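**Student:** sequence and predicted model, in that order:
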Amino acid sequence: MPSGAPDGTAHAGGPLDCPGCRTPMRRVDLDRKHHGRVVVDLCNACQALWFDALESLHLSPVGTLALFRAIHAARPEARRALPSRVSCPRCDTPLTLTHDLQRTTRFSYYRCRHGHGRFTPFLQFLREKDFVRPVPPDELKRLKKLVRIIRCSSCGAPVDLERATACGYCRAPIVVLDPDAVTKAIRQLDTAETHAAPPDQNAAGFLEAARFEREMKREQARGSQGSMVDLVSVGIGVLAAALFARG
Ligand SMILES: [Zn+2]
Ligand SMILES: [Zn+2]
Ligand SMILES: [Zn+2]
């Protein structure tokens, strides 16, 4: 699709340019909590999302799962690091890095001080929505047998699973998708959609070892720059395969 084509969504003035790399973002039209739609702009290269004003808060579980699908489809072979200065796609003011806390979950985003919206890296979005959790010790033991060096889901730096349980560079803990949170969202999806309900065994066992391992190998084979995998991306891959295989 030509990047400048109007697509009939509510944004004025065509696609927004990414605050990180300044190329046009892709619009994703998603389900809203209490009727209606939310339009989110997504940058593949930067692996980040732009939410106008309070759009993020209004996303329904169904919309959140649909966003997972978009995130999965958008994953690039190499992620671009965000520049130190990112600007609002609406008013060009430099965005402010904001640290937030929801219950016990810390997450961050870049916010326009004129209230136009926020720019959120995918992983931070998953944290905000309580979709990731630190890897439990027994799971870590299992993972270490499969892979030694992973890529930090927060900053992209390599993490040696033999020696660390957090990223030595940005201090973020090693996280994976939280199966309970995902299962809960899928259940809500189930009740919201009469057709195409995902099979239950997929919902329950989507992070089950064999699947995770298969997806991890696929992800390793896919990377052109070494074989480092991002555990959250692997989890999203498993989920996408389970939920959207026929969709
Ligand atoms: Zn970008
Ligand atoms: Zn602004
Ligand atoms: Zn890191």
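**Tutor:** Cool, got the structure. Ligands and ions are numbered 1, 2, ... in the order given.
**Student:** flag the shaky bits of this structure, pLDDT-wise.
**Tutor:** Low-confidence regions of the chain, defined here as pLDDT under 70, cover residues 1-13, 56, 77-79, 189-207, 223-227, 244-247.
**Student:** one more time with 50, if that's ok
**Tutor:** 1-11, 194-204, 246-247 (pLDDT under 50).
**Student:** tell me the centre residue of it?
**Tutor:** The centroid of the chain falls nearest to Phe122 when counting by C-alpha atoms, centre = their mean (3.4 Å).
**Student:** does it touch His72 like I think?
**Tutor:** No: counting by C-beta atoms under 8 Å, Phe122 does not reach His72; the two are 10.0 Å apart. C-beta coordinates here come from the backbone N, C-alpha and C atoms, glycine included.
**Student:** can you get me a residue count around Leu59?
**Tutor:** 21 (other C-beta atoms under 10 Å).
**Student:** can you give me phi and psi for it?
**Tutor:** Dihedral angles of Leu59 (phi, psi; degrees, to the nearest 10) stand at phi -70, psi 130.
**Student:** who touches stretch 93-103?
**Tutor:** 19, 85-88, 106-114, 118-119, 128, 130 (C-beta atoms under 8 Å, 6 or more residues apart in numbering).
**Student:** do the same with stretch 130-150
**Tutor:** 64, 102-103, 105, 123, 126, 153, 158-162, 165, 173-178, 181-182, 185, 209, 213, 216, 220, 228-232.
**Student:** buried set for it?
**Tutor:** 130-133, 135, 139, 143, 147, 150 (16 or more other C-beta atoms under 10 Å).
**Student:** any idea how far Leu177 is from Leu16?
**Tutor:** 28 Å (C-beta to C-beta, to the nearest Å).
**Student:** in terms of neighbours, single out the busier of those two.
**Tutor:** In this view Leu16 and Leu177 are compared by other C-beta under 10 Å, and Leu177 has more residues nearby, 24 against 20.
**Student:** name the SS class of Asn98, please.
**Tutor:** For residue 98 the amino acid is Thr, not Asn. Of the three states, Thr98 takes strand under DSSP: H, G, I helix; E, B strand; the rest coil.
**Student:** pull the number of nearby residues for it.
**Tutor:** 13.
**Student:** what about it, distance to ligand 2?
**Tutor:** For Thr98, the distance to ligand 2 (C-beta to the ion, to the nearest Å) stands at 14 Å.
**Student:** name the residues linked to that residue by a beta bridge.
**Tutor:** Thr98 has these beta-bridge partners by DSSP bridges: Tyr109.
**Student:** from now on call the first residue 305
**Tutor:** With the count now opening at 305, the last piece we talked about shows up as Thr402.
**Student:** circling back: would you check which pair of the buried residues of stretch 434-454 lies furthest apart?
**Tutor:** Asp434 and Val451 (25.3 Å; C-beta to C-beta).
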